[in-house]
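Undergrad: Could you look at this predicted model? Sequence included:
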Amino acid sequence: MTTAVAAIAPLSVLGVALTSTSWWEGVTAAVGYLLTFGVLREWSLDGYPRRAVLALMFTAAAWFIGALTASSPISFVPLSLVGALLVARTRRRTLWILGLASGVGAIGAMSFLSHPVTWELTATYLATPAVGTLFVAGVILLSEQTWQVVRTLERARETEAELAVAHERMRIADDLHDIQGHSLHVIKLKAALARRMVRIDPERSEAELDEIRQLAEKAIAETRTLASAHHELNLVAELENAKRLCEATGIAVELRFVEGTGASAHPLLAQVLREATTNLLRHAHPTVVTITASAVEVEVANDGVIDDAASPLRGLARLSERVERAGGELRVERSPERFVVAARLNPEPAARVEGEPR
C-alpha cells in the first residue's frame, strides 16, 4: 500500500488540482480517492476487501461522468487503481490488465459523444487514461510481488525459528537418552538376574539389588544435573550456540563478551542464555538481538514484541528460583520496544579436589 500511494497519490492530487473546474468535480474525485485508499488499507494477500466492488462501481461512474462531460480528465485514476487491485491476482493478469486499460480508454471515449473529436481530446480522454492505467497496474503488480516475497521470507523465518527450537529440544532429548538409556537397560538385566537368584543365592541377589539401587541413584543424579544445566553446559559454548541459532533464523546478533579474571562462569548463566534464546525464538519476532556476557553476568535483549506476555515469565520462573538459591539474581524487563533477560551470579570456584562433593 505504501509503495502504491507514494508512487500514484502525488501525481493524482496534482492532476485533480490542475484539471478540476468546479467544486463538485473536486469532491467527486476526493470521494473516489478515499474509497480507493480505503480498499488499499484493507488489502491483504488472503482476499479482497468487501468495499472493493462498491469502490469499483463508484469510480467507474465518476470516470464515466467526467469523460462524458469532458470536465475531469484525471478522474480515471481511482478506477484504474481499484481495477488493477482486482485483476492483480487473476491467472491471466496480462490479458486482464490490457482489458482494463482498454475499458478505461473506452469509457474515456464517451467524451466524443458530447464534444467534437480532436487530437487533444483523443490524447486527454483516450490515450492518457489507457496508458495511465497500464502504469497504475504496473505499480500494483510490483507492490503485490514485493508483498509476496516479504511474506514468503517471513514464513521461512518462522519455519527456521521452529526448526531451531526443535533442534534444541532434540539435543536435550539426546542428552536425556544418553543419561538414562544405558542405566535403565542395565537395571532391567540386573533385576531379572536378582529375581532368579532370590532362592538359589540370596547374597548374590542382595548384591544385585544394591547395584540396582546405586544405578538408579546415579541416573537420578545425572538427570537432575541435566535439568539444572550442569550437564556439558558452559557459557562460551552457549554464546556460540545462541549466535548460530539466531543467525539461522535471519536475526542480526550483536555479541559482546567481557573477559574477566579467568574464573569460570557459573553454569546457570549458560542456562539463562539458553532459556532466553529459546524464548525469543518461540515468542518474539526480533530483528536485532544483543547478548552481553561476562564471568558474572549475562544479558539478552531483543527488539521483538512478545506474543504471550505471561509465557516467558512462566518459563523463567523455575530458573529464577535456582539462580536465587545460588546467590544470584535474575531480572526480566519488558517494554513495547525491548525485552531483556539478565542474570548476575558469582563464578564457581576455579577448581575442586577430585572426589570432593559439589
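TA: Done, it's in. Residues are numbered from 1 along each chain as shown.

Undergrad: Now the host helix or strand of Arg151: average pLDDT?
TA: Element membership of Arg151 [criterion: DSSP states H and E] is helix 128-200. For helix 128-200, the mean pLDDT works out to 79.

Undergrad: Which elements pack onto it?
TA: If you count contacts as 3 or more C-beta pairs under 8 Å, 6 or more residues apart in numbering; DSSP states H and E, helix 128-200 packs onto helix 2-19, helix 76-87, helix 93-108, helix 202-227, helix 235-248, helix 267-283. All C-beta spots, glycine's among them, are computed from the backbone N, C-alpha and C.

Undergrad: How is the residue nearest the centre of the chain assigned, secondary-structure-wise?
TA: With distances taken as C-alpha atoms, centre = their mean, His285 lies nearest the centre of the chain, 4.6 Å away. Following DSSP: H, G, I helix; E, B strand; the rest coil, the label given to His285 is coil.

Undergrad: For the closest residue to it other than its chain neighbours, which residues are in contact?
TA: Once flanking residues are discounted, His285 sits nearest to Gly304: 4.7 Å by C-beta to C-beta, 6 or more residues apart in numbering. Residues in contact with Gly304, defined by C-beta atoms under 8 Å, 6 or more residues apart in numbering, are Leu280, Ala284, His285, Pro286, Thr287, Phe339.

Undergrad: same deal with Cys246?
TA: Ala252, Val253, Thr277, Leu280, Leu281, Val289.

Undergrad: do the same with Thr287
TA: For Thr287, counting by C-beta under 8 Å, 6+ apart, the contacting residues are Ile251, Ala252, Asp303, Gly304.

Undergrad: and the first one, how many neighbours?
TA: What that stands for is Ile251. 23 (other C-beta atoms under 10 Å).

Undergrad: swap in the third one?
TA: Asp303: 16 surrounding residues under other C-beta under 10 Å.

Undergrad: if we can go back for a sec, in PyMOL, how would I select just the buried ones from the contacts of Cys246?
TA: Selection of the buried residues among those in PyMOL, burial being defined by 16 or more other C-beta atoms under 10 Å:
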select buried, resi 253+277+280+281+289
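
Undergrad: Select from the contacts of Cys246 the entry with the lowest predicted confidence.
TA: Lowest confidence among those: Leu281, with 75.

Undergrad: Quickly note the distance from it to Ser205.
TA: 51 Å (C-beta to C-beta, to the nearest Å).

Undergrad: got the residue ranges for the strands in the stretch 251-358 of the chain?
TA: Under the criterion DSSP state E, counting those that start in this stretch, the stretch 251-358 of the chain contains strands at 252-257, 288-293, 297-302, 329-334, 339-344.

Undergrad: so which of the ones you listed is the most packed in?
TA: Greatest average neighbour count among the strands of the stretch 251-358 of the chain goes to strand 297-302 (a mean of 23), per mean count of other C-beta atoms under 10 Å.

Undergrad: chain center to that one: distance?
TA: Computed by C-alpha atoms, centre = their mean, to the nearest Å, the separation of strand 297-302 from the middle of its chain amounts to 20 Å.

Undergrad: Taking helix 235-248 as reference, get the angle to it.
TA: Strand 297-302 runs at 10 degrees relative to helix 235-248, counting by axes from the mean of the first three to the mean of the last three C-alpha atoms, to 10 degrees.

Undergrad: Who are the packing partners of strand 297-302?
TA: helix 267-283, strand 288-293, strand 339-344.

Undergrad: Make CSV out of these and add distance to Val131.
TA: Formatted as CSV, the helices and strands packed on strand 297-302 follow (distance: least, C-beta to C-beta, whole Å):
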stretch, distance to Val131
helix 267-283, 49
strand 288-293, 44
strand 339-344, 50
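
Undergrad: Relative to Ala284, how far out is the residue of the chain positioned farthest from its centre?
TA: In terms of distance from the mean C-alpha position of the chain, Ile200 ranks first, at 66.5 Å (C-alpha atoms, centre = their mean). Ile200 sits 63 Å away from Ala284, going by C-beta to C-beta.

Undergrad: Can you get me a residue count around Gly181?
TA: Neighbours around Gly181, by other C-beta under 10 Å: 12.

Undergrad: do you know how far it is from Ser72?
TA: Relative to Ser72, and taking C-beta to C-beta, Gly181 is found at 80 Å.

Undergrad: same question, Asn302
TA: Look at Asn302 and Ser72: by C-beta to C-beta, they are 52 Å apart.

Undergrad: what stretches of this structure score poorly on pLDDT?
TA: Counting by pLDDT under 70, the ranges of the chain that qualify are 1-51, 178-179, 182, 226-233, 248-249, 260-263, 305-315, 348-358.

Undergrad: can you list the domains in this structure?
TA: Annotated domains of the chain cover 2-150, 164-227, 235-344 [automatic domain parsing].

Undergrad: With distance to Glu158 as new columns, can the ones you listed be given to me in CSV?
TA: What follows is those, written out as CSV (distance: least, C-beta to C-beta, whole Å):
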stretch, distance to Glu158
domain 2-150, 13
domain 164-227, 11
domain 235-344, 8
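
Undergrad: Nearest approach to Arg157 belongs to which of these?
TA: Nearest of those to Arg157, taken as C-beta to C-beta: domain 235-344 at 4.9 Å.

Undergrad: now for the contacts of Thr287, which pair is the farthest apart?
TA: Once C-beta to C-beta is applied, these give Ala252 and Gly304 as the farthest pair, at 11.8 Å.

Undergrad: Quick one: closest of the helices and strands packed on strand 297-302 to Pro129.
TA: strand 288-293 (46.5 Å).
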